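# need a 3D model of the sequence below.
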Amino acid sequence: MLKTKSFFVKAIALLALAACTATFNWREVRFDEQNFVALLPAKHHFEQQVVRFDKHELTMTMVASRAGEVIFAIGTIPFNAKDLQADDFITWMSSNAKNVLQANAAPQIIQYEVKTASNPSQILPAKGYQLKGFGPDGIYRIYWVRWLSKKNDSGQSFIYQLNAIQSFKEEPSDSVKKATLEQMETFMTGFHPY
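This next block holds a predicted model:
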């Protein structure tokens, strides 16, 4: 459990290092090595980290972008489908993500559909959380996260983790929450693997 909390603390810290800009300037960016197209609100940078799951050491490449106080990131993990079940890994990731906030009840996983960038496009299943509330550190956060997996045309399998998070010193007003959620929705719906 300590390792999994450590992973999410590191991931959030990594996201905080993203280049900062004060405005949202959405643009489509193609990432051929990671096999996706995404809408990002500002300049991005890459980081890599090792994720330990069961007996596996997986390399996650994360592209992160920051606009205003919202951090957006997409983690890509290539994996061998013969050695690792994507659903098991995604279940493990989702069980850790819900610990970012204190909650009286366990959050419910939400099912999504993600459209691929291929022609013709396909619809892929995804799942995730839309969390908001105070974390164990007393900081209020709005945190959206989604996971999905896809095998590309050459047979390489990928797990994708999409993150959008904003931290506040105190609970924000409804209008601030609404503006934040609109930006997060733009980011999430602008992601298309291929």
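
# where do the strands sit along the protein?
According to DSSP state E, the chain carries its strands in the segments 27-31, 36-40, 44-53, 56-67, 70-79, 110-115, 123-134, 140-151, 157-168, 192-193.

# out of the ones you listed, which is closest to residue 181?
With Cβ to Cβ as the criterion, residue 181 lies closest to strand 140-151 of the strands of the chain, at 7.0 Å. For glycine as for every other residue, the C-beta is placed from the backbone atoms N, C-alpha and C.

# who does the nearest residue to residue 191 once chain neighbours are set aside form a beta bridge with?
Ranked by Cβ to Cβ, 6 or more residues apart in numbering and with sequence neighbours excluded, the top spatial neighbour of residue 191 is residue 38, at 4.8 Å. With DSSP bridges applied, the residues forming beta bridges to residue 38 are residue 29.

# make sure residue 38 is actually in contact with residue 192.
Yes - applying Cβ atoms under 8 Å as the test, residue 38 and residue 192 come out as touching, 7.4 Å apart.

# distance of the nearest residue to residue 69 once chain neighbours are set aside from residue 141?
Across the structure, with Cβ to Cβ, 6+ apart as the measure, the residue nearest residue 69 apart from its sequence neighbours is residue 166 (5.4 Å). Residue 166 sits 7 Å away from residue 141, going by Cβ to Cβ, to the nearest Å.

# tell me which of those two has more neighbours.
residue 166 (23 against 17; other Cβ atoms under 10 Å).

# distance of that one from residue 40?
16 Å.

# please apply the same query to residue 31.
Between residue 31 and residue 40 the distance is 10 Å, computed by Cβ to Cβ.

# what residues are shared contacts of those two?
Shared between the contact lists of residue 31 and residue 40 (criterion: Cβ atoms under 8 Å, 6 or more residues apart in numbering) are residues residue 63.

# rewinding a little: okay, residue 38 and residue 192: which has more neighbours?
residue 38 (24 against 18).

# which ones are touching the more buried one?
The neighbours of residue 38, taking Cβ under 8 Å, 6+ apart as the test, are 28, 29, 31, 63, 74, 187, 190, 191, 192.

# at 7 Å what do you get?
Under the criterion of Cβ atoms under 7 Å, 6 or more residues apart in numbering, the contact partners of residue 38 comprise 29, 74, 190, 191.

# what is the burial count for the third one?
In terms of burial, residue 190 registers 18 neighbours under the definition other Cβ under 10 Å.
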